[in-house]
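>>> missing the sequence, but the structure's below:
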């Protein structure tokens with residue numbers, strides 16, 4: 001059984017079967033270590049075009065109400081669907097055992113995240129909250145902050161646990177706080193980060209292309225060149 005991965009399931013969905021001669025479906029074959037064209041033909045034993053005869057019976061592949069049932073004897077269609085470039089992108093194989101294991105992992109993450117969020121001290125909540133909630137932390141009471149942290153952990157357990165496991169979380173907290181307290185600021189259309197102190201407006205870094213500003217600044221602060229700036233921020237951040 002295969003099913004579509006789209007959020008909105010159409011009544012029917014047809015996928016490319018590789019029948020177009022001008023635009024063949026080409027996949028990487030691990031066995032031969034080369035690209036090979038695939039095509040679904042109901043009278044052929046193999047999905048690979050170079051293993052088919054000259055009289056293929058081309059048949060459409062249609063998902064009805066988001067699902068496609070494939071008979072166990074139709075090995076060629078099974079293999080074609082698993083080789084198809086849209087596999088695990090547009091559709092996936094239904095595997096009850098794998099799905100159950102994934103559900104257990106999600107449930108475990110939810111349990112762990114809720115318990116850890118409940119046990120955080122107010123200082124830890126503030127640190128995590130500045131990373132997750134930004135400047136809003138300054139306007140929250142302790143009860144509001146702990147509540148929102150626990151709600152976040154419940155709704156986003158995996159992300160919450162990843163943040164707690166991040167060795168750079170203290171630096172992330174430091175950077176977020178520095179921006180919130182306007183000790184540093186963006187310049188040059190957010191391509192640079194500068195000091196924003198009365199006595200110092202110098203540039204700290206130029207943000208590399210395709211790198212998140214916070215991660216770029218953290219990388220700078222933990223380098224030998226950025227050690228002095230890190231010391232200043234640690235003294236200034238409230």
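Everything's here; your move. Every value quoted in this text rests on a predicted model; they were computed, and no experiment measured them. Numbering: from 1, shown residues only.
>>> what packs against whichever strand or helix holds residue 217?
Residue 217 belongs to helix 213-221 when assigned by DSSP states H and E. Helices and strands touching helix 213-221, by 3 or more CB pairs under 8 Å, 6 or more residues apart in numbering; DSSP states H and E, are helix 169-180, strand 192-195, strand 203-206, helix 227-236. C-beta: built from backbone N, CA, C; applies to glycine.
>>> Which of the residues in the next helix or strand after the longest one are classified as buried?
Once helix 169-180 ends, the next helix or strand along the chain (criterion: DSSP H and E) is strand 184-187. Neighbour-count burial for strand 184-187, with 16 or more other CB atoms under 10 Å as criterion, is recorded at residue 184.
>>> quick one: strands adjacent to strand 184-187?
strand 192-195 (antiparallel) (DSSP bridges).
>>> Tell me the first helix or strand C-terminal of the longest helix along the chain.
What stands out as the longest helix in the chain, according to DSSP state H, is helix 96-119. Per DSSP H and E, the first helix or strand lying C-terminal to helix 96-119 is helix 122-133.
>>> by how many degrees do the very next helix or strand once past that next one and helix 96-119 diverge?
On the C-terminal side of helix 122-133, the closest following helix or strand by DSSP H and E is helix 142-155. If you take axes from the mean of the first three to the mean of the last three CA atoms, to 10 degrees, helix 142-155 sits at 170 degrees to helix 96-119.
>>> Show which residues not belonging to helix 142-155 make contact with it.
For helix 142-155, contacts defined as CB atoms under 8 Å, 6 or more residues apart in numbering pick out 110, 113-114, 116-118, 120, 122, 125-126, 128-129, 132-133, 137, 140, 160.
>>> what's the average pLDDT for the helix or strand that comes right after it?
Toward the C-terminal end, the helix or strand that comes next after helix 142-155 (DSSP H and E) is helix 157-165. Mean pLDDT, helix 157-165: 84.
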